[in-house]
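*Asks:* prediction below, plus the sequence it came from.
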Amino acid sequence: MARKQQAVKTLLVTILAWIVGLMMFFPIFWTAVAALKTESDAYTLPLNWLSTPWTLENFGIVQERSNYALYIRNTVVIAFLSTLLGLCFAIPAAWSMAFAPVKESSISWSGKRWLATIFLTAFFVGLGLYALNWDLTDRAALGLGALIVTTVPLTLWVFSRNTTDALLWMLSTKMMPPAGALIPIYLIFTRNGLVFKDWGWIDLTEWNLMDSFWGMVPLMMLLNLPIIIWMLFTYFKEIPDEILEASRMDGASLWNEITKILLPMAVPGIVSTCLLNLILAWNEAFWSLNLTNRYAAPLSFMISEYSSPEGQFWAKLSAASLMAIVPILIIGWFSQRQLVRGLTFGAVK
Amino acid sequence: MATTHSQRIGRWVLAPSLAVLAGWAFVPLVIAIYFSFLRYNLQSDNTGWTGLNNFYYFFTDPYFLKNLINTVLLVSFTLITTVIGGIFLALLLDRPFWGRGIVRILMISPFFIMPTVSSLVWKNLIMHPVFGLFAAIQTYFGAQQPLDWFAAAPLIAVTIIVSWQWLPYATLILLTALQSLDEEQKDASEMDGAGPIAYLRYIVLPHLARPIAVVILIETIFLLNIFAEIKVTSAGGFAGNLTYLVFSDLNDSNDIGEAAAGGLVAVVLANLISYFLVRVVGKNLEA
């Protein structure tokens, strides 16, 4: 009796869960169906896409019309390079935080110390600029000076934190809204902006970071670096200290300790970190839409081009969408269980 | 125990990450503060100091209040739907049933779709007033004039799209948290004859309190910055948020000064929220 009741319950749950699951997935399924229709069939009423003939022509048209190969190449380059670059920064950082944490701040900051640091920085900046023969009343010199004088003490403050504080501080950089950084980054990246202009002693007018990998890859790396460090940190934390300790006792150098002992043990963690970072970089839209338009534009940008009224061909839009999401969707399916850690900054395990 | 020697090395290898992140955090901020005090338009170039005028113009811009309200509505609507829906879906997925792995994958998928794709697919294929799926359903039930989502209720339309993207996130996290709930506790509550409501009220919700707080805080950070969904669906005029307002100050009116001031307002807003998030996460770090 109870057994039967249990089976009925399971059946009900199964039906309900499948209905909800299919509803959530339906827009993606619907896109896939629309991608396989001819343009005129996509606009028939009533919607009878399932009975009209199937075709693969849209995928070819997408390549022809919007040069899909270029965009996916850009996306892959940006996503993979930014992940690799991020790992180079994050692995040592996570190692240091997990295995050599600093318990206490090395400097206790007081008002006096702040003032002294700021004045000293200002003095040395002035000296340096003077030595470079800069006109110290010049606007650029003043701006650069102000930038250094504010950034250096703040950076020193960050460096002197203990490990826990440093970790939390890194996390907080992820929370800076892109709207706040949009103007500065725009001005730094663009030609004739803050950096790439004719300085007199060096002419940078031929250069700019706008719409280039040199700008997008480091930017994407910075956007995701806090998450990479956090996720690696939580994985490294699970490796017992004693193992590394033992290798150190046996006289292994730090380099060997990290590359021969730590990394092989942490491979699953590193892989899932990379996957999460790939997903985030692949789907990033704010900076891609604002800073790229042709040469280094990723798939997000290609799809946004289909929003213009003359570009509203549903079958082609759907085909392009499908081509943009399928690779990352598959990666996402494989890594979904590992994502939680990175997506909650380790707050939920 | 970590030795002093390795601590010293630790500081050095940590330095590059801290340095680039410090640069990323402070340099744009300083530049933004500087430009927020300048009368600087891309057309007329820099024309000198203007004091707090940029902030004054930003706050008195008729779009500011509207977009601020839109931001709050978008964030709160999405939070309500995703958290409540997430609890429901997590409870559902936590039960054993046939094809659990597949349903889980189906349900999680929207999270991996890039914002530009989900915006355009929803706008054109599903919410289109004539050929869209919703219109077809409405017509099937006898409506003469199906709802034109992006004309009649752009904010709700954007909210639906964003909720669809973020519901899997809440579900995934709450499900993970739920699975760490002691099986014996579940069985015991069932044995004691606790009904589903009592089970939810006394077992699930207390256990999920912290994960829910984390979901709310992290989602808020991301939802404050929703941009592509609004730009790509051209809903900016009616459903724009603060992020979009800053973008349009730069893109449409080319006003660097005002956009910088607006960006700083967004920074202050986000910092208020991240302050709480950092505290929640930090507590977990010590535990």
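*Replies:* Looks like it came in fine.
*Asks:* so where's the chain uncertain?
*Replies:* No chain was given, so I picked chain A. Under the criterion pLDDT under 70, the flagged ranges of chain A are A:1-2, A:44-49, A:309-312, A:346, A:349.
*Asks:* my question was about chain B, not that one.
*Replies:* For chain B (pLDDT under 70), the answer is B:1-3, B:46, B:281, B:284-287.
*Asks:* centroid residue for it?
*Replies:* Residue closest to the mean C-alpha point of chain B, counted by Cα atoms, centre = their mean, is B:Leu223 at 2.0 Å.
*Asks:* mind listing what residue 109 touches?
*Replies:* Assuming you mean chain A. A:157, A:160 (Cβ atoms under 8 Å, 6 or more residues apart in numbering or on different chains). Any C-beta I mention is one placed from the backbone N, CA and C, and that applies to glycine too.
*Asks:* other chain: chain B
*Replies:* A:24-25, A:28, A:329, A:332-333, B:168.
*Asks:* do A:Leu222 as well
*Replies:* Contacts of A:Leu222 by Cβ under 8 Å, 6+ apart are B:20-21, B:24.
*Asks:* from the residues you listed, which is closest to A:Asp41?
*Replies:* Set against A:Asp41, the nearest of these by Cβ to Cβ is B:Trp24 (48.5 Å).
*Asks:* so how far is chain A from the closest one?
*Replies:* 4 Å (Cβ to the nearest Cβ, to the nearest Å).
*Asks:* re the thing from before, quick one, which of the contacts of B:Ser109 are buried?
*Replies:* A:24-25, A:28, A:329, A:332, B:168 (16 or more other Cβ atoms under 10 Å in any protein chain shown).
*Asks:* ok, so of those residues, who is nearest A:Val152?
*Replies:* The closest of the buried ones among the contacts of B:Ser109, once distances to A:Val152 are taken by Cβ to Cβ, is A:Gly332, at 41.0 Å.
*Asks:* distance check, that closest one against chain B.
*Replies:* A:Gly332 is 4 Å from chain B, by Cβ to the nearest Cβ.
*Asks:* report the contact partners of that residue.
*Replies:* A:Gly332 neighbours (Cβ under 8 Å, 6+ apart): A:279, A:339, B:108-109, B:111-112.
*Asks:* what residues of stretch A:224-235 count as buried?
*Replies:* Quick answer for stretch A:224-235 (16+ other Cβ under 10 Å): A:224-235.
*Asks:* try stretch A:163-181
*Replies:* A:163, A:166-181.
*Asks:* how far does stretch A:226-244 sit from the chain's center?
*Replies:* In terms of Cα atoms, centre = their mean, to the nearest Å, the centre of stretch A:226-244 is set 20 Å apart from its chain centre.
*Asks:* about what we covered before: I'd like to know which of the contacts of A:Leu222 are part of helices.
*Replies:* B:20-21, B:24 (DSSP state H).
*Asks:* run a quick neighbour tally on B:Ala135.
*Replies:* 22 (other Cβ atoms under 10 Å in any protein chain shown).
*Asks:* can you tell me what sits against stretch B:119-138?
*Replies:* Outside stretch B:119-138, the residues that reach it (Cβ under 8 Å, 6+ apart) are A:27, A:30-31, A:34, A:42-43, A:45-47, A:303-304, A:306-307, A:312, A:314, A:317-318, A:321, B:146-151, B:157, B:160-161, B:164, B:228-229, B:232-233.
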